[in-house]
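A.B. asks: make a model of this:
(one chain, ligands or ions: 1)
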Amino acid sequence: MDYHNHFLSAAFAGVCLALSPLSAAESPAIRSGDVWNDTDGRAVDAHGGGMLFHEGTYYWYGEIKQGKTYLPDVNKSWGGTRVDVTGVSCYSSKDLLSWKNLGNVLPAVPGDPSSDLHPGKVLERPKVIFNAKTRKFVLWFHSDSLNYAAAACGVAVADAPAGPFEYLGSFRPNVATWPANVTDEDKKDPKTPLVRDFEKGQMARDMTVFVDDDGKGYLFTASEDNATLHISELSDDFLKTTGKYVRVFPGRMMEAPAVFKRAGKYYLIASGCTAWEPNAARSAVADSIWGPWKELGNPCQGEKAEITFQSQGTFVLPIAGKPGRFVFMADRWNKNNLPDSRYVWLPIAFEGEKPVLRWMDRWSPK
Ligand code: DGJ
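C.D. replies: Purely as a prediction, here's the structure:
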């Protein structure tokens, strides 16, 4: 994508391209599904990622997906498609269009097979939040074993957005603690994941972190064998969970949670659970982060709405300085060649309280 031409033409035209589709004659801005090049001319490599806006700059963190894609028949111990862990990328931008590669901020540790950061492990869905009290940048990600049995959270911390991040380790949240909304029925059956994992901590796979207006942090995880989302409170320094958590959407098999707040309400957009294949997104709203959450259905409308325009969400970005405007960030996974996975970014519209996503070939966030 030729971002420079876009800026020149947009500036020349002197127009405000307010979240509107651009005609074919205009230089494109965000073109979902295309290869997006960084300022060095290399394809942006930031999958399953998240965004931090800090002091006037956007920082985009994501999974570096490089090297060979191991297909299920080669990699029998898992049966899924994967690449080796390389680390977490970080790109910066002032305008969401031109991305500078700031490097690998949490590199893999090839020499230590026991490390969570060994190439043979799983590192997915990295998200960075800034803690205003400690002035630290805290990176959370889904840390797993090759067979996805570890189902844990990895945490790293840095003094600056582009690191270097110090890896603190991985853990299962909410050890020996019942969720605040547990019922007697929930506690009964030792074969249910909630009860089975009570002592060693709850499973945590696809995840995101969210910082509320009051500075409190929350962790959303696909838990209980991916069947049920858990929302956990973060400690004041954002480095741990406090033990306060709730189960939401029991049995709904939600992955890829993305959370945002609009006009005092909390919103969730998530996917279903179909590995690297796209499925229909779901949306939900709540007055309190702890729920109750009300499902609002598939936010996508139009052709390919049932497969989220061939993508899976990863984050919802509030556009800085534009209250009420959000970007739905998603991955168009290429399961046969994961490094060639692309990005789908769409503006979120609202019909009443329901978030709505419609395909746009090209649009500008300005
Ligand atoms: C779906 C998840 O959303 C991805 O992050 C990844 O874990 C794939 N499953 C692996 O199949």
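A.B. asks: contact partners for the residue in the stretch 151-300 of the chain that the ligand sits nearest to?
C.D. replies: At 3.7 Å from the ligand, Ala275 is the closest residue in the stretch 151-300 of the chain, using C-beta to the nearest ligand atom. Just so you know, the C-beta spots here come from the backbone N, C-alpha and C atoms, and that holds for glycine as well. By C-beta atoms under 8 Å, 6 or more residues apart in numbering, Ala275 lies in contact with 80-81, 335.
A.B. asks: which ones among those are found in helices?
C.D. replies: Per DSSP state H, helices hold no members of the contacts of Ala275.
A.B. asks: going through these, which ones are buried?
C.D. replies: Among the contacts of Ala275, those classed as buried by 16 or more other C-beta atoms under 10 Å are 80-81.
A.B. asks: output the contacts of Ala275 in CSV; the columns should cover distance to the ligand and pLDDT.
C.D. replies: Shown next, in CSV, are the contacts of Ala275 (distance: C-beta to the nearest ligand atom, whole Å; pLDDT from 0 to 100):
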residue, distance to the ligand, pLDDT
Gly80, 5, 84
Thr81, 7, 92
Lys335, 8, 95
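A.B. asks: please save the CA atoms from stretch 192-199 in PDB.
C.D. replies: Provided in PDB are the C-alpha atoms of stretch 192-199 (Å, rounded to 0.1, in the frame of the first residue of the first chain):
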ATOM      1  CA  THR A 192     -16.500 -29.900  34.600                       C
ATOM      2  CA  PRO A 193     -13.400 -27.800  33.700                       C
ATOM      3  CA  LEU A 194     -14.300 -25.200  36.300                       C
ATOM      4  CA  VAL A 195     -14.100 -27.800  39.100                       C
ATOM      5  CA  ARG A 196     -11.400 -29.900  37.500                       C
ATOM      6  CA  ASP A 197      -9.100 -26.800  37.300                       C
ATOM      7  CA  PHE A 198     -10.000 -25.300  40.700                       C
ATOM      8  CA  GLU A 199      -6.800 -26.200  42.400                       C
END
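A.B. asks: tell me the contacts of the closest residue to Thr69 other than its chain neighbours?
C.D. replies: Excluding its sequence neighbours, the residue lying closest to Thr69 (C-beta to C-beta, 6 or more residues apart in numbering) is Leu338, at 4.8 Å. Listed by C-beta under 8 Å, 6+ apart, the contact partners of Leu338 are 47, 65, 69, 81-83, 276.
A.B. asks: up against the ligand, what does the stretch 101-250 of the chain have?
C.D. replies: With C-beta under 6 Å from any ligand atom as the criterion, the stretch 101-250 of the chain meets the ligand at residues 124-125, 206.
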